[in-house]
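Visitor: heads up, no residue letters with this:
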């Protein structure tokens, strides 16, 4: 028995844009099978086949009982909507459809007229909402089944779902011990507020993605002002490029400087966070400046880290960009900011040979995640890289007084950037 038309009559009356999208959807893009208690779409179970009501209740546990409004990303089999309606505190229940084809098949399989009619319910096409609003819950299967056009929203949902786990990884005993050891060094160094403001309008951020290799000759010849991420330093030095500033924020940063001749960086300033490996700070021959981020692991030490904070959301590229902005950059050029396995590699090669082995290489062939590159093609990525990308895009959107340029179309599309054209 099909419930499609009965359900869509309500959708048409309440949300005509969504109805038009359903009528225009090519349902042949999805393979659908009916299981005993669920649907299998493109070989993915939409919900558990055992007790999808209990599963929906678990998802809704993210939403406080006294919340006045909630956002639900993906409808599942409609259980989250029904259960949300049982919470009389919820006056507004916003449901975002992540795949029109999935939505249509769900409308066809079951009677949803009860919750579709509810005045508290509002449905949205995914192109109407590109942010994650709290409190929220999400149907996990629909994050995998989300439409390609929904990639930005999908990545942001996954990032928010992983937020607590990501933060917990920074509060380890090793991190705490490193910070406390480094406080003695910090007391001798200078905050970033002591750094000289830029004498140029444009700053080049040298990230460690594979497309950095495409710009090495230009950087060597033109010698612009460069802020280098720690992972890119060996690649730059191998091509006789000395960055003006190196920024490092990670407790395992010493691995990136193994066998490095620090004297080559005697004219380069180091900007570091307090959890950087102690021996990197001790061995640095150039000027040293410290900062920190507004993450939980630094809150107990703020009085001892008397410096302006830099934005960071997990990747060293974030404080590098924020430092450029802090120093007065009007244009920021991102080189090697790929957030993807461009050229089927994870990082630029540190040696001059294009075939040299990079100790940073990841098992590219095992990844199942992807992003769109500048050509609109899917390129392999990883969940953490996608998260760094989305947080960088949020930063760019909040700093529209700065021109942001991307050095390559081969890496991930970065919203808010234009293509850099070297002169």
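Guide: Perfect, thanks for sending it. On a predicted model such as this, the values are computed, not experimentally measured, just so you know.
Visitor: looking at this structure, which helix or strand does the model trust least?
Guide: helix 163-168 (a mean of 64; mean pLDDT, DSSP states H and E).
Visitor: Show the subsequent helix or strand relative to it.
Guide: Sequence-wise, the next helix or strand downstream of helix 163-168 (DSSP states H and E) is helix 173-186.
Visitor: Let me know the next secondary structure element after that next one.
Guide: Following helix 173-186 toward the C-terminus (DSSP H and E): strand 190-191.
Visitor: residues in contact with that next one?
Guide: Strand 190-191 is contacted by residues 287-291, 306-308 when judged by CB atoms under 8 Å, 6 or more residues apart in numbering. In this view, the C-beta of every residue, glycine as well, is placed from N, C-alpha and C.
Visitor: What strands line up against the next helix or strand after that strand, and which way round?
Guide: Downstream of strand 190-191, the first helix or strand assigned by DSSP H and E is strand 202-206. Strand 202-206 has its sheet partners listed here by DSSP bridges as strand 226-229 (parallel), strand 331-335 (parallel).
Visitor: Contacts for strand 202-206, please.
Guide: Counting by CB under 8 Å, 6+ apart, 212, 219, 224-229, 232, 236, 241, 243, 317, 320-321, 324, 327, 329-337 sit against strand 202-206.
Visitor: Got a quick PyMOL command for the buried subset of those?
Guide: Only the buried entries of those go into this PyMOL selection, using 16 or more other CB atoms under 10 Å:
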select buried, resi 212+219+224+225+226+227+228+229+232+236+241+243+317+320+321+324+327+329+332+333+334+335+336+337
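Visitor: sorry, back to before: out of the contacts of strand 190-191, which is nearest to residue 48?
Guide: Nearest to residue 48 among these: residue 291, at 46.1 Å, using CB to CB.
Visitor: and that closest one, how many residues sit next to it?
Guide: For residue 291, the count of nearby residues is 25 (other CB atoms under 10 Å).
Visitor: domain ranges for this protein?
Guide: Segmentation of the chain into domains, based on automatic domain parsing, reads 4-161, 174-419.
Visitor: Flag the shaky bits of the stretch 51-200 of the chain, pLDDT-wise.
Guide: 165-171 (pLDDT under 70).
Visitor: And the strands in it?
Guide: Using DSSP state E, counting those that start in this stretch, the strands of the stretch 51-200 of the chain run over residues 69-73, 92-97, 121-125, 136-138, 190-191.
Visitor: Output those strands in JSON lines; the columns should cover distance to residue 376.
Guide: JSON lines is the format used below for the strands of the stretch 51-200 of the chain (distance: least, CB to CB, whole Å):
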{"stretch": "strand 69-73", "distance to residue 376": "24"}
{"stretch": "strand 92-97", "distance to residue 376": "23"}
{"stretch": "strand 121-125", "distance to residue 376": "21"}
{"stretch": "strand 136-138", "distance to residue 376": "26"}
{"stretch": "strand 190-191", "distance to residue 376": "43"}
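Visitor: For residue 149, which of those is the nearest?
Guide: Among the strands of the stretch 51-200 of the chain, the nearest to residue 149 by CB to CB is strand 121-125 (10.1 Å).
Visitor: which parts of the closest one are buried?
Guide: Within strand 121-125, the residues that count as buried by 16+ other CB under 10 Å are 121, 123-125.
Visitor: Likewise for stretch 24-34?
Guide: Within stretch 24-34, the residues that qualify as buried are 25, 30, 32, counting by 16+ other CB under 10 Å.
Visitor: residues touching the first one, list them.
Guide: With contact taken as CB under 8 Å, 6+ apart, residue 25 is in contact with 100-101, 104.
Visitor: got a pLDDT number for it?
Guide: Each residue has a pLDDT score; the one for residue 25 is 92.
Visitor: Let me see the contact set for the residue nearest to it when sequence neighbours are not counted.
Guide: Nearest residue to residue 25 in three dimensions, chain neighbours excluded: residue 100, at 4.5 Å (CB to CB, 6 or more residues apart in numbering). When contacts are counted by CB under 8 Å, 6+ apart, residue 100 touches 21-22, 25, 125, 147.
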